[in-house]
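Undergrad: what follows is a predicted structure for the sequence shown.
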Amino acid sequence: MDIIEAINGRKSIRAFKNDPVDKTLITKILEAAIKAPSAINQQPWHLVVVTGEAKERLASAILREYKEKGMVHELVKEELPKKYERRTQELFTQIKTYLDEMGQDMSYILEGSCRFYDAPVAIMVTMDKALYPSRLLEIGAAMENLMLAAHSMGLGTCPIGFILRYEEAIREELGIPNHMEVVLGIALGYPDLDSPINRFRSSREGLDQSSTWIGFE
Ligand SMILES: Cc1cc2nc3c(=O)[nH]c(=O)nc-3n(C[C@H](O)[C@H](O)[C@H](O)COP(=O)(O)O)c2cc1C
């Protein structure tokens, strides 16, 4: 698959088939992830790949925390410039159409995120706390590589940040050492193409809103 085709074709997948993902495919995807560039080649990522019963236990532990504690540690700053709030509202409004069609509400997204949308594989992305937070740039590059590689192989992904609110439960369940920070979860599996939610495609502002061009005619 051409790289531009992969970039344009990838989107977050929020319903998965039960079919397991072959370990050799997961290996190829992770190998693509860690090809990402990093400042002075420090390779700040460490990926914890979870499947089978271990993944089910992880999802149950996160879901339990969500149900007990609710939406703790709100990550969205209160005083954000309006355009960010507007974009989030747009996402929620657009996605609601598909949730309505499924007879679902936003709890499908919140609980679904906790369960990695029932994908057979969960990848927890961790980074050493000793590194500067700016190294997250490189983690982001690796994650995009991972998601594009998965898409090119017919697999779907959803990055999941919501569960970071329950980092302690994740750490305990997977034995992640204290010096490592959990920075993202990723659901990985074969997309359930019959689910209406997977027809949803998020919008983007035009380039006029997202770039400044200097010195061009
Ligand atoms: C860091 C990060 C965290 C995210 N967390 C969640 C999440 O918890 N649950 C979810 O359903 N989607 C989550 N997403 C997916 C975004 O909603 C999605 O990327 C965005 O709406 C753009 O849509 P697209 O990925 O389909 O292009 C997250 C994406 C990123 C990059």
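TA: Looks like it came in fine. Numbering: from 1, shown residues only.
Undergrad: the longest helix along the chain packs against which elements?
TA: In the chain, with assignment by DSSP state H, the single longest helix is helix 82-101. The criterion is 3 or more CB pairs under 8 Å, 6 or more residues apart in numbering; DSSP states H and E, and the helices and strands that helix 82-101 contacts are helix 107-114. Any C-beta I mention is one placed from the backbone N, CA and C, and that applies to glycine too.
Undergrad: does the longest helix of the chain reach the ligand?
TA: Yes - using CB under 6 Å from any ligand atom, helix 82-101 reaches the ligand at residue 91.
Undergrad: which positions in that helix come out as buried?
TA: For helix 82-101, the buried set under the neighbour-count rule, 16 or more other CB atoms under 10 Å, comprises 87, 95, 98-99.
Undergrad: repeat for stretch 131-144
TA: 135-136, 138-144.
Undergrad: which residues sit against stretch 53-73?
TA: The list of residues contacting stretch 53-73 from outside it, by CB atoms under 8 Å, 6 or more residues apart in numbering, reads 50, 110-111, 114-116, 120-122, 163-166, 169-170, 172-174.
Undergrad: give me the subset of the residues you listed lying in helices.
TA: For the contacts of stretch 53-73, the ones inside helices are 110-111, 114, 169-170, 172-174, with DSSP H as the criterion.
Undergrad: which one (most neighbours) among these?
TA: Across those, the neighbour count under other CB atoms under 10 Å reaches its highest value at residue 114, namely 25 neighbours.
Undergrad: for it, what are its contacts?
TA: With contacts taken as CB under 8 Å, 6+ apart, residue 114 has the following neighbours: 59, 62-63, 66, 162-163, 166.
Undergrad: and of those residues, the nearest to the ligand?
TA: Lowest distance from the ligand to those (CB to the nearest ligand atom) belongs to residue 162, with 3.2 Å.
Undergrad: surely that closest one is in contact with residue 110?
TA: Yes - here residue 162 lies in contact with residue 110, judged by CB atoms under 8 Å, at a distance of 6.6 Å.
Undergrad: for the nearest residue to residue 33 once chain neighbours are set aside, what is the enclosing helix or strand?
TA: Excluding the flanking residues, the one nearest residue 33 by CB to CB, 6 or more residues apart in numbering is residue 146, at 3.8 Å. Using DSSP states H and E, residue 146 sits in helix 136-152.
Undergrad: tell me which other helices or strands that helix touches.
TA: Applying 3+ CB pairs under 8 Å, 6+ apart, one finds that helix 136-152 contacts helix 3-9, helix 23-33, strand 45-51, strand 121-128, strand 156-160, strand 180-189.
Undergrad: thinking again about what came up before, tell me which two of the contacts of residue 114 sit farthest apart.
TA: In terms of CB to CB, those reach their longest pairwise distance at 59 and 162, which sit 12.7 Å apart.
Undergrad: and the spatially most central residue of the chain, what's its pLDDT?
TA: Nearest to the mean C-alpha position of the chain, counting by CA atoms, centre = their mean, stands residue 159 at 0.5 Å. At residue 159 the predicted local confidence, pLDDT, stands at 98.
Undergrad: that older thread, got the angle for the helix holding residue 146 vs helix 23-33?
TA: 140 degrees (axes from the mean of the first three to the mean of the last three CA atoms, to 10 degrees).
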